[in-house]
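Student: below is the sequence, then the predicted model.
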Amino acid sequence: MHDRFVPMYDRRSATTLITCTGTFPNSMAVCRVANLMNRNDLRRADINLLVVFETMMHERNVSRVGEKLFLGQPTISGALGRLRVLFDDPLFIRCGRVMEPTARAEEIFANLAPALDGIAAALSRCQSFDPRTSDTTFHIGLSDDVEYALLPRLLRQLRIEAPNIKLIMLRVDQQQMSQRLVNGDISMGISHTLDLPASARRKGLRQIRPTLLRFDTRPGPLALDEFCRRPHVVVSSMGNATDDTDHALSLLGRQRKVVLTVAQFSALPGLLAQSDMLAIVPDYVAKAMASVAGMRAEPAPLHLPVHELSMVWRAAAHADSGQRWLRSRCSAFLCEPVELQVVPKARPALRSDQALLAAR
């Protein structure tokens, strides 16, 4: 059987595609030639154009792409024109204020996104990172509880170790985390996370233990009856008035009285002060708020589910030296403190002890 190759012209990519058939290993040699031809075609491409294309696929708006890449709208429009010539396809069709991708654009994006991740990872390995001198900018997504209670300590340490870096913190809750990572808005996020994209990685940092927060002088812990009777404040970025606490109460045939929902934990101290309202918050938030005069933190009078606070990041940033350093610092200063047990100091051996050992 003789080797055959059939040249095919594909108008969409304006390249010659070679279909390899025949016996091994000669057919593999033909495939290698085809790969070389495709690599040579890369000389016509500009990686900056591909970055614009990827960002447009996420944002679907010329102005937002310009804002994200710090480029003017004429520059983005010009890049889209060059991309259309490169791929011989309209790529994006304007539908009102949104630029909808064509089928060809969707096909290109499916292959391009992992390729750009690989290029970014390869380049990052060539760059060293020195926290003492680096002026790198990091984009980090934090949930509100982490920003309020855990960020201050972390920031103080980062300012000591890396005084010239810039941190851009974005408020990202568990519903938004996946999309923010996929869009490239953040390279790392810290929150309780739900399902993540396949291109993301995760590391658990600590448990999130629900804790009761109250502002009153009544002695002793709160009983369940009073817990249900008194008014409650719920913190929810989505405006939800029910959460795990209500579900746990329903299993006991009980319910509480929610009178207020707020979007941020920082509002709680002023709202609870001089009132009989209660709030269930993560243990580290309760600890931070307990420093306010009159604020008390204690275990809730019923069993509540414990979640995990996680650090997540894009796979493309996994090998980046700066990102690795940042993740190591977050792990060191945001993980749950380990309580060390005090081991009594061993006393010097007495003569009676030595005699007993000798007898054995």
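Tutor: Yep, that arrived. Numbers count the residues shown, from 1 in each chain.
Student: what about Arg84, how many neighbours?
Tutor: By other CB atoms under 10 Å, the residues close to Arg84 number 14. The way it works is simple: take the backbone N, C-alpha and C, and place the C-beta from them, glycine included.
Student: 6 is where my numbering starts, stick with that
Tutor: Okay, using 6 as the starting number, the last item reads as Arg89.
Student: so it sits in a helix?
Tutor: Yes. Arg89: assigned to a helix according to DSSP: H, G, I helix; E, B strand; the rest coil.
Student: skip the chain neighbours and tell me the closest residue to it.
Tutor: Among residues not flanking Arg89 along the chain, Leu96 sits closest, at 5.6 Å (CB to CB, 6 or more residues apart in numbering).
Student: got the phi and psi for the one you found?
Tutor: phi 70, psi -50 (degrees, to the nearest 10).
Student: then Phe143?
Tutor: phi -110, psi 130.
Student: what pLDDT does it get?
Tutor: For Phe143, the model assigns a pLDDT of 95.
Student: and for Asp190?
Tutor: Asp190 carries a pLDDT value of 90.
Student: so what's the residue count around the residue nearest to Arg89?
Tutor: Residues within reach of Leu96, counting by other CB under 10 Å, total 21.
Student: check Pro224 too.
Tutor: Using other CB under 10 Å, Pro224 has 5 other residues around it.
Student: which residues sit in contact with it?
Tutor: The contact partners of Pro224, by CB atoms under 8 Å, 6 or more residues apart in numbering, come to none.
Student: quick check: which helices or strands does the helix or strand hosting Gln328 pack against?
Tutor: Taking DSSP states H and E as the definition, Gln328 sits inside helix 326-339. Identification of packing neighbours for helix 326-339 by 3 or more CB pairs under 8 Å, 6 or more residues apart in numbering; DSSP states H and E yields helix 108-129, strand 142-147, helix 156-166, strand 193-196, strand 205-213, strand 312-319.
Student: and the angle from that helix to strand 205-213?
Tutor: 10 degrees (axes from the mean of the first three to the mean of the last three CA atoms, to 10 degrees).
Student: the stretch 156-305 of the chain: strands as residue ranges?
Tutor: Here the stretch 156-305 of the chain has its strands, by DSSP state E, counting those that start in this stretch, at 171-176, 193-196, 205-213, 215-219, 236-240, 262-267, 283-287, 301-304.
Student: out of the ones you listed, nearest to Leu155?
Tutor: Closest to Leu155 of the strands of the stretch 156-305 of the chain is strand 193-196 (CB to CB; 7.9 Å).
Student: from the rest of the structure, what touches that closest one?
Tutor: With CB under 8 Å, 6+ apart, strand 193-196 has contacts from 143-148, 150-151, 155, 177-179, 182, 185-186, 210, 314-319, 322, 328, 331-332, 335, 339.
Student: chain center to it, what's the gap?
Tutor: Remark: strand 193-196 is offset 3 Å from the chain centroid, using CA atoms, centre = their mean, to the nearest Å.
Student: how about stretch 263-277?
Tutor: Its chain's C-alpha centre and that of stretch 263-277 lie 25 Å apart, by CA atoms, centre = their mean.
Student: quick check: end-to-end length of that stretch?
Tutor: Length of stretch 263-277, first residue to last, CA to CA, to the nearest Å: 13 Å.
Student: which stretches of the stretch 256-365 of the chain have low pLDDT?
Tutor: Residues of the stretch 256-365 of the chain meeting the criterion pLDDT under 70: 298, 342-365.
Student: follow-up on the earlier one: which other residues reach the helix holding Gln328?
Tutor: Counting by CB under 8 Å, 6+ apart, 129-130, 132-134, 136, 139, 141, 143, 145, 151, 155, 158-159, 162-163, 166-167, 192-193, 195, 208, 210-211, 314, 316, 318, 322-323 sit against helix 326-339.
Student: ditto for stretch 61-71
Tutor: Identification of contacts with stretch 61-71 by CB under 8 Å, 6+ apart yields 57, 60, 73, 76-78, 80-82, 85, 97, 102-106, 110, 114, 187-189.
Student: can you do 7 Å?
Tutor: 57, 60, 73, 77-78, 81-82, 97, 102-106, 110, 114, 188-189 (CB atoms under 7 Å, 6 or more residues apart in numbering).
Student: please apply the same query to stretch 312-319.
Tutor: Residues outside stretch 312-319 that contact it (CB under 7 Å, 6+ apart): 182, 186, 192-195, 197-198, 201, 204-213, 328, 332, 335-336.
Student: report the buried members of these.
Tutor: Those of those that meet the buried threshold are 182, 186, 192-195, 197-198, 201, 205, 210-211, 213, 328, 332, 335, by 16 or more other CB atoms under 10 Å.
Student: partner residues bridging the spatially closest residue to His197 that is not a sequence neighbour?
Tutor: What sits nearest to His197 in space, not counting adjacent residues and going by CB to CB, 6+ apart, is His312, at 4.8 Å. Here His312 sits in beta bridges with Ile213, as judged by DSSP bridges.
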